[in-house]
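Q: Fold the following.
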Amino acid sequence: MSEAATHHDDHHGHHPSGIKRWLTTTNHKDIGTLYLIFALVMFFIGGAMAMIIRLELFQPGLQFVEPQFFNSMTTMHALVMIFGAVMPAWTGFANWMIPMMIGAPDMALPRLNNWSFWILPFAFTLLLSTLFMPGGSPAGGWTMYPPLVLQTGDAFPFLIFAVHFMGASSIAGAINVIVTVFNMRAPGMTLMKLPLFVWTWIITAFLLIASIPVLAGAVTMLLTDKFFGTAFFSAAGGGDPVMFQHIFWFFGHPEVYILILPAFGIISAIVPTFARKPLFGYSSMVYASAAIAFLSFIVWAHHMFTVGMPLAGELFFMYTTVLIAVPTGVKVFNWVATMWQSSMTFEVPMLFSLAFIVLFTIGGFSGLMLGVTPVDFQYHDTYFVVAHFHYVLVTGAVFSLMAATYFWLPKWTGHMYDETLGKWHFWLSTISVNVLFFPQHFLGLAGMPRRIPDYAVQFTDFNTMSSIGGFVFGISQILFVIVIVKCVKGGAKASDQVWEGAHGLEWTLPSPPPYHSFSVPPEPSTIEGGMR
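A: Numbers count the residues shown, from 1 in each chain. Below you'll find the predicted structure:
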C-alpha cells in the first residue's frame, strides 16, 4: 500500500515544465490554450493575406502583385482562415469549456487530444511552405476545382497532404468531443440539461465525422488524377469535372455550419447572462440546431446552380436551401425574446453578441437571395457572394469567437480584461467590418467578378471604401491581442463568479456544474442578485 502511495507521489511530483509540458500535455485546459494561440496566429497570417488582396484592389489596374500570386492569396487566405483560424479556435473553446460544463475531469481521450492539436502546426507548415515553391502556391481557389487546381506546380501534393492532416485533426477532435459528452457527464445531467454550447458542439462533431472523409476522398482522387493516371475528373478520360464539385460541396456545405454552429451555442450562453434571464426556448434551440445540421447535407448543389443541372435538381436544392432559414429564424427569434423585457447591460461580450445577431442576420438574408436559383445565375461568382459569406463568417463566426474570448478570459486567467480597450476594439471592428463588406454587395450586384486582381473603372469607389474598411479592421485586431496579453499578465482580480451582480448571472452557465443537483433547481440563496 505504502509503495503504491509513494509511487503515486513521485508520479505527481515531476510535472514536465517549459517546452516539454506543452509538447506532451494531456490537460484539456493546456490543449485548449494551444489551440487558441495557434488560431490567433493563423488569424493574423490569414489576415495579412487579405490585406494583400485589398491592397491590390484599392485601385483598378495591376499595382502590387502578379495575378498568379493574387490568386494564391485568395486561395490561401480561405484555407488558413477556415482550417487554421476558425475551426481550431472552436476546438480550443471546446477543450477548455466542455469538461467544465458537463462536470468531467478532462476530455475522454487525452492523448488523442494532444495528437489532434500537434498535427496542425505540421499541416500549416506544409501549406504555407508552398509559398516558397517553384510555380507558386496553389491558385485554384480554396475549392480546389479541377482542371484548374491540377495546373498547380510542385505545390500540389503539399496542398493535398496539408488538407489530409487538417481533416485528420478535425476528426480526432470530433470523436473526442462525442465520447466525452456521452460518457463523462455529471450524474443527473441529462442531454436536455446540457449548456447549448455543448449541444452545438456535439452536433458540429457529428457533422465533422460525416463530412471530412468526403473531402479526403475528393482530394485523394485529385492526387491520383495528377500522379497516377486516373481520370475521375478528366473529361478526356471519361471523367467529369462537375463530379468533383458535387463531392466537394457535399463536404463544403456542412463545413460552413461546422464553422457557425458553435457560435450559436456561445451566443446562447452570453445573451442570457447579460440579459439576466434564462434562455427563451431551450429545447427549440436544440431541435433547431439539429435541423440545421440535417438540412446542411441535402443542400450542397446550391453552390452549383450554374453547372447545367436539370430543372428538378435546381428546384429541389432551392427549396431545401430556403428551408434552412426556418430553424435559423427560430434561433434569432429566441435570442431576441431572451432580451425582451430583460435587465440588459452592455459589457464587451454582450456588444459582440448583439453585433453578431444583427450582422449574421444580414448574412442570412443575402444567403436566402443566393438560394433562389434564377437570381443566383446573376449573383454567382460575383462580389455579392463574397459579401454574403463574409457577413456570415466574419461578423458571425469571428465576432462570436471574440465575444467568447471576452466572456471567458476572466474565468481562465482570474483577471478582468480592460473594458475600455475592449469597447474600442468592438466599435472599431464593427464599424470597419461594415465599411469593408457592405459595399461588396453593390459591387456584386453591378457585376464585379470575385477572385480577379483587376477590375473595370466603374467599380473603383466601392473597392476603395472596402479596402479602407479592411485596413482599419486589420489594424484594430492588434487591440484584441493587447487586451488578451494585458489580461493574462494581470489586471483587476476576477471575483469567484465573474459576471455576478453588476455583470450578470453566472449560474446560467454552470461550469463546473454542481455534482448532484441537475434534477433540483438552485436554492434562491445561491442566485445572488436574483431574477428581476
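
Q: just the strands in the stretch 351-500 of the chain please.
A: Using DSSP state E, counting those that start in this stretch, the stretch 351-500 of the chain contains no strands.

Q: could you pull out the helices for it?
A: Applying DSSP state H, counting those that start in this stretch to the stretch 351-500 of the chain gives helices spanning 373-379, 383-392, 399-413, 419-445, 460-489.

Q: Send over the third one as PDB, restricted to the C-alpha atoms.
A: Listed in PDB are the C-alpha atoms of helix 399-413, where the atom choice follows Å, rounded to 0.1, in the frame of the first residue of the first chain:
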ATOM      1  CA  PHE A 399     -17.300  38.000 -33.800                       C
ATOM      2  CA  SER A 400     -18.700  35.200 -31.700                       C
ATOM      3  CA  LEU A 401     -15.200  33.900 -31.100                       C
ATOM      4  CA  MET A 402     -14.300  37.400 -29.900                       C
ATOM      5  CA  ALA A 403     -17.400  37.500 -27.700                       C
ATOM      6  CA  ALA A 404     -16.500  34.200 -26.200                       C
ATOM      7  CA  THR A 405     -12.900  35.200 -25.500                       C
ATOM      8  CA  TYR A 406     -14.000  38.300 -23.600                       C
ATOM      9  CA  PHE A 407     -16.700  36.300 -21.800                       C
ATOM     10  CA  TRP A 408     -14.300  33.500 -20.600                       C
ATOM     11  CA  LEU A 409     -11.000  35.300 -20.200                       C
ATOM     12  CA  PRO A 410     -11.800  36.300 -16.600                       C
ATOM     13  CA  LYS A 411     -12.700  32.700 -15.800                       C
ATOM     14  CA  TRP A 412      -9.400  31.400 -17.400                       C
ATOM     15  CA  THR A 413      -7.000  34.000 -16.100                       C
END
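
Q: If you count neighbours, what's buried in it?
A: 399-413 (16 or more other Cβ atoms under 10 Å). Using the backbone N, CA and C atoms, a C-beta is placed for each residue, glycine as well.

Q: so where's the chain shaky on pLDDT?
A: Applying pLDDT under 70 to the chain flags residues 1-14, 496-532.

Q: in it, which helix has the most residues?
A: Under DSSP state H, the helix in the chain containing the largest number of residues is helix 241-275.

Q: helices and strands around the next helix or strand after it, which ones?
A: Downstream of helix 241-275, the next assigned helix or strand under DSSP states H and E is helix 282-296. If you count contacts as 3 or more Cβ pairs under 8 Å, 6 or more residues apart in numbering; DSSP states H and E, helix 282-296 packs onto helix 196-227, helix 241-275, helix 325-339.

Q: Now tell me what touches the last one from outside.
A: The set of residues external to helix 325-339 that reach it, using Cβ atoms under 8 Å, 6 or more residues apart in numbering, is 264, 267-268, 271-272, 275, 277-281, 284-285, 287-289, 291-292, 295, 357, 361, 364, 368.

Q: For stretch 459-468, buried residues please.
A: Phe459, Phe462, Asn463, Thr464, Met465, Ser466, Ser467.

Q: again with stretch 196-204
A: Residues of stretch 196-204 classed as buried by neighbour count (16+ other Cβ under 10 Å): Leu196, Phe197, Val198, Trp199, Thr200, Trp201, Ile202, Ile203, Thr204.

Q: how many neighbours does the closest residue to the fourth one other than its chain neighbours have?
A: Translated: Trp199. Residue nearest to Trp199 in three dimensions, not counting chain neighbours: Val286, with 5.3 Å by Cβ to Cβ, 6 or more residues apart in numbering. Using other Cβ atoms under 10 Å, Val286 has 19 other residues around it.

Q: Of the buried residues of stretch 459-468, which is the nearest to Val433?
A: Closest approach between the buried residues of stretch 459-468 and Val433, by Cβ to Cβ: Ser466, at 10.8 Å.

Q: The closest one contacts Val435, doesn't it?
A: Yes. When contacts are counted by Cβ atoms under 8 Å, Ser466 is listed as touching Val435 (7.4 Å).

Q: Please export the C-alpha coordinates of stretch 228-239 as PDB.
A: This file holds the C-alpha atoms of stretch 228-239, laid out as PDB (Å, rounded to 0.1, in the frame of the first residue of the first chain):
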ATOM      1  CA  PHE A 228      -1.300   8.000 -61.000                       C
ATOM      2  CA  GLY A 229      -3.100   8.300 -64.400                       C
ATOM      3  CA  THR A 230      -6.700   8.100 -63.200                       C
ATOM      4  CA  ALA A 231      -9.300  10.200 -64.800                       C
ATOM      5  CA  PHE A 232     -12.000  10.800 -62.200                       C
ATOM      6  CA  PHE A 233     -12.400  14.400 -63.200                       C
ATOM      7  CA  SER A 234     -10.900  14.500 -66.700                       C
ATOM      8  CA  ALA A 235     -13.500  14.500 -69.500                       C
ATOM      9  CA  ALA A 236     -10.800  13.300 -71.900                       C
ATOM     10  CA  GLY A 237     -10.500  10.000 -69.900                       C
ATOM     11  CA  GLY A 238     -14.300   9.600 -69.300                       C
ATOM     12  CA  GLY A 239     -14.400  11.500 -66.000                       C
END
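
Q: okay, the buried residues of stretch 459-468 in CSV with distance to Trp340 next?
A: Shown next, in CSV, are the buried residues of stretch 459-468 (distance: Cβ to Cβ, whole Å):
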residue, distance to Trp340
Phe459, 42
Phe462, 37
Asn463, 40
Thr464, 41
Met465, 35
Ser466, 35
Ser467, 39
